[in-house]
Every structure is written in C-alpha cells, then in structure tokens.
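[1] this one's sequence-less:
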C-alpha cells in the first residue's frame, strides 16, 4: 500500500504543514505546483527532501487560485486547463530533475479533483495534458470517477485513492468539504480507517454502511491540525497490520 500526503502548500514566507516531518512518514508526496499553492523555492525544497528520502513525487495540479487555495470551482476552457496542467507538470519536473528523479504521477487538487470526478470536459483536459506530456504517468484519483474512466480509456494507468481522514457518503463518494463533518479529526479513528482500507478494501460511510474501497494509495491531508501525529499513528497501525508501505510509482 502507498501512503500519500499533500505537501509544498506554503507560499513565500508562509508555511502550511510540516513537510519535512511528513516526508519521513509517507511513500508518495503530492506536491503543489504554484497555482493553488506553492512557489519555486517551496517546490525545490520539497523535491530535494523527497529525493533524499526515496519518496515518490507527484504533481498536484490545481486551478490558478492562490487566494482560494484551489477549492473554488472555475469553469475552464478545455485548452486552457490542458495547457495550465502541462505548465504545472513541467515546472515540478524541472526541480525533480535537479536530483536525478522525475515526476512520477499526477493528482488533481481540491475543486479540480472534485470537478474531474464528474465533469467530462475537465477530466478530458487532464487526460489530454498527461497523454501529451508523458503517457507513462499514472493518474491518482478516486475509483469509478469520470477521470478514472477517461484515463483508463486513453491507456493511462489509473491508481485508485482512498482518504482515511475524510468522511464518505453511502454511494462511495467523499462528503463535500462544505459539510461540517467532512473531515475525520480523531487520529486514532483515522488510523483505524486506514487499516480497514488497506486490509479489507472497505470504508464505513457516514450512515454506518460499509462501502467497497478498492484502493492502492491512502491519502492524508498535510494541512490539517495534527497532521504529523496522525501520519505517525497511521503508519504505525499499517505496519502493525502487516502492510508494506511502498510507492505505487
């Protein structure tokens, strides 16, 4: 099983989350590429740390929306979203190459993640960007989404992702971020959910029903309070359950 987290989400002198600590606990890092968060210096720092620790780097591409942290929907033209995705991929890949590695996968961020799950035009723009830039790049996303279907149809590798620190609806989709109980904030509960995802490939939805969750990677959000402690507990719980943590890419 892969354990991923969103990193590099600071900007300038403002830092969000403890990237250094999380790099010692995860196997894949979703690195912000300067549009929803991050900047050149932050990308450079995180790529250097990931290369040193053997953590796979993925491009977490987002809307051009620093003020809204990429969590506000934007109606993009197909070509514009495709090209801005390629731009972000190339920027992060340049810093990876300084350390003789490369971007290993792509994951959309925030509102783009949710839009691509159901909006065929935005999902198609992401697929076109990846296919044009590097057809070998996997796409990290929720299983069964429009993005997953279009990516698979284009011959791209789709890696199914689950969220140990997010609540799920009975239909298997994520509880909207706008909901009061969108996040699971108890670190012990997050660890229990992560083990369940890794071992039984299921998750308990908000109504108590058990939902299939066939994932290859489990995400933890690096910007939530107590993220490092939560990641420590999750990693320890997975190891205790006999789960080997390794990058999927």
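    Done, it's in. Remember, it's a predicted structure, so these values are computed and weren't measured experimentally.

[2] And for residue 153, the neighbour number?
    Applying other Cβ atoms under 10 Å, we find 10 residues neighbouring residue 153. The way it works is simple: take the backbone N, C-alpha and C, and place the C-beta from them, glycine included.

[3] now do residue 49
    Residue 49: 20 neighbours (other Cβ under 10 Å).

[4] Once you drop chain neighbours, what's closest to it?
    Leaving aside its sequence neighbours, residue 49 sits nearest to residue 23 (Cβ to Cβ, 6 or more residues apart in numbering; 4.9 Å).

[5] Enumerate every residue touching that neighbour.
    When contacts are counted by Cβ atoms under 8 Å, 6 or more residues apart in numbering, residue 23 is found next to 7, 29, 46, 49-50, 53, 55.

[6] Show me where this protein has its strands.
    2-7, 28-32, 56-61, 105-108, 139-141, 158-163, 202-204, 210-212, 217-220 (DSSP state E).

[7] possible to save these as JSON lines with mean pLDDT, mean neighbour count and distance to residue 175?
    As requested, the strands of the chain are exported to JSON lines (pLDDT from 0 to 100; neighbours: other Cβ atoms under 10 Å; distance: least, Cβ to Cβ, whole Å):
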{"stretch": "strand 2-7", "mean pLDDT": "97", "mean neighbour count": "27", "distance to residue 175": "18"}
{"stretch": "strand 28-32", "mean pLDDT": "98", "mean neighbour count": "29", "distance to residue 175": "20"}
{"stretch": "strand 56-61", "mean pLDDT": "98", "mean neighbour count": "29", "distance to residue 175": "21"}
{"stretch": "strand 105-108", "mean pLDDT": "98", "mean neighbour count": "26", "distance to residue 175": "18"}
{"stretch": "strand 139-141", "mean pLDDT": "98", "mean neighbour count": "27", "distance to residue 175": "17"}
{"stretch": "strand 158-163", "mean pLDDT": "98", "mean neighbour count": "22", "distance to residue 175": "10"}
{"stretch": "strand 202-204", "mean pLDDT": "97", "mean neighbour count": "18", "distance to residue 175": "11"}
{"stretch": "strand 210-212", "mean pLDDT": "96", "mean neighbour count": "13", "distance to residue 175": "12"}
{"stretch": "strand 217-220", "mean pLDDT": "96", "mean neighbour count": "26", "distance to residue 175": "14"}
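
[8] Of all those strands, which one is nearest residue 97?
    strand 56-61 (10.8 Å; Cβ to Cβ).
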